[in-house]
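# need a structure here:
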Amino acid sequence: KWRSHPPPLTTPRKEWYKHPSTIDMYCLGIVKQKGITCLRDLRKDHVAMLKDMEEEGLNAIKTVYGIERDQIRIFIHYQPQFYHFHVHFTRLENEVGCSVERGHLLSDVIENLDDPGYYCRRNITYKLKKGTPLQNLIENHSSEAINNKT
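Residues are numbered from 1 along each chain as shown. Have a look, this model is predicted:
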């Protein structure tokens, strides 16, 4: 998801290490386990998996791109772009996708899972883009409710 980078199919991996374009580094860690679609599905028994994703992601980023762990932001979107659980890794300088109404820091998520039902019952505020299917459903439902009252 880099905005500018060397061509990935023709540039040897060793040239990616500390390449100037890594300032825009944006990686995804995608779980293999089925049945975890989003933040709402996470439970305390997923903490070990999340910690492994964090550690393995940070190690891979250091090995491939030469970026230190203290330069990486790790977060989860709610609502996600696709419903197969994944974690985002970005450079601190890259603010794409980490807005407060959408991005939830992995460290906070892990801490919140000490409460077994936290994401089952918590209200999670998020921003909807106009014209998305969910936004259209909400808008249509709201319009119908207003029309039914009059």
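
# longest helix of the chain?
Ranked by residue count under DSSP state H, the longest helix found in the chain is helix 47-65.

# given the next helix or strand after that one, what are its sheet partners and their directions?
Note on helix 47-65: by DSSP states H and E, the next helix or strand toward the C-terminus is strand 72-77. For strand 72-77, the paired strands and their directions (DSSP bridges) read strand 86-91 (antiparallel), strand 103-105 (antiparallel).

# identify the residues contacting the lowest-mean-pLDDT helix or strand in the chain?
Confidence across the helices and strands of the chain bottoms out at helix 133-149, with a mean of 77, counting by mean pLDDT, DSSP states H and E. For helix 133-149, contacts defined as C-beta atoms under 8 Å, 6 or more residues apart in numbering pick out 79, 128-129. Glycine gets a C-beta too; all of them are placed from N, C-alpha and C.

# do that again at 10 Å, thanks
Applying C-beta atoms under 10 Å, 6 or more residues apart in numbering, the set of residues contacting helix 133-149 from outside is 79, 126-132.

# equivalent analysis for stretch 109-128, please.
Stretch 109-128 has contacts (C-beta under 10 Å, 6+ apart) with 38-48, 50-51, 54, 74-79, 87, 99-105, 134-136, 138-139.

# tell me the spacing between the nearest residue to E68 once chain neighbours are set aside and R13.
Nearest-residue entry for E68: K62, 6.7 Å, with adjacent residues in sequence omitted and distances by C-beta to C-beta, 6 or more residues apart in numbering. In this view, K62 and R13 are 13 Å apart by C-beta to C-beta, to the nearest Å.

# Q71 too?
19 Å.

# same question, V96
Counting by C-beta to C-beta - V96 and R13 are separated by 23 Å.
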